[in-house]
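**Student:** what follows is a protein structure lacking sequence information:
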């Protein structure tokens, strides 16, 4: 099965069509995609995503990952974030299309599907998101409990241990 990746403007590419120069997933040293890093023989050079829209189509659904320093206070059993001030506890990872409706998910399954697609093994199986994650000041590639989605209507949904909860 060939994965398809998205570009700005809605066009798509396969991994083979991406540029030939990549980065080591450990040290971010540049080299030819597929070749072994001279400093880290267990790593190969891979393409690095510039933003979330290298993988997902652009849309109005905002994906917010929790700031590393907030996991203890706002994690699984911690305080809920302020939906009007997500910037205080979260970092905007990007905006993606959420399906037929960018405003409200059609079913609870829509958020669950996006949860699965935002797991590192799906959207960054070879470390393609490492540079972007580091540049944003984040430490996790996979969406986690406490991370949030904000819809165009301002409603915020937070990932919980089981499913999602509207943050008020």
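**Tutor:** Arrived safely, thanks for sending. Every value quoted in this text rests on a predicted model; they were computed, and no experiment measured them.
**Student:** pLDDT below threshold where in this structure?
**Tutor:** Across the chain, the ranges flagged by pLDDT under 70 are 1-20, 75-77, 98-108.
**Student:** repeat the analysis, applying 50 as the threshold.
**Tutor:** Counting by pLDDT under 50, the chain has low-confidence residues at 1-2, 5-11, 15-16, 106.
**Student:** pull the longest helix from this protein.
**Tutor:** With DSSP state H setting the assignment, residue counts place helix 108-117 as the longest helix in the chain.
**Student:** OK, contacts around the spatially most distant residue from the centre of the chain?
**Tutor:** The outermost residue of the chain relative to its centre, with distances by Cα atoms, centre = their mean, is residue 38 at 28.4 Å. In this structure, residue 38 makes contact with 29, 31, judged by Cβ atoms under 8 Å, 6 or more residues apart in numbering. Where C-beta positions appear, they are placed from N, C-alpha and C, glycine not excepted.
**Student:** ok, now residue 78?
**Tutor:** Contact analysis of residue 78 by Cβ under 8 Å, 6+ apart lists 72, 146.
**Student:** how many other residues sit next to the residue nearest to residue 37 when sequence neighbours are not counted?
**Tutor:** Take residue 37 and drop its neighbours on the chain: the residue closest to it by Cβ to Cβ, 6 or more residues apart in numbering is residue 24, 3.9 Å away. A total of 22 residues lie near residue 24 under the criterion other Cβ atoms under 10 Å.
**Student:** kindly state the beta-bridge partners for residue 24.
**Tutor:** residue 45 (DSSP bridges).
**Student:** quick one: it and residue 43 touch, right?
**Tutor:** Yes. In this structure, residue 24 sits in contact with residue 43. The criterion is Cβ atoms under 8 Å, and the distance is 5.0 Å.
**Student:** what helices and strands are in contact with the longest helix of the chain?
**Tutor:** Secondary-structure packing of helix 108-117 (3 or more Cβ pairs under 8 Å, 6 or more residues apart in numbering; DSSP states H and E): strand 164-167.
**Student:** helices of the chain, start to end?
**Tutor:** 71-74, 108-117, 120-123, 130-135.
**Student:** and those helices as CSV, adding distance to residue 158?
**Tutor:** Output for those, formatted as CSV (distance: least, Cβ to Cβ, whole Å):
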stretch, distance to residue 158
helix 71-74, 9
helix 108-117, 10
helix 120-123, 20
helix 130-135, 20
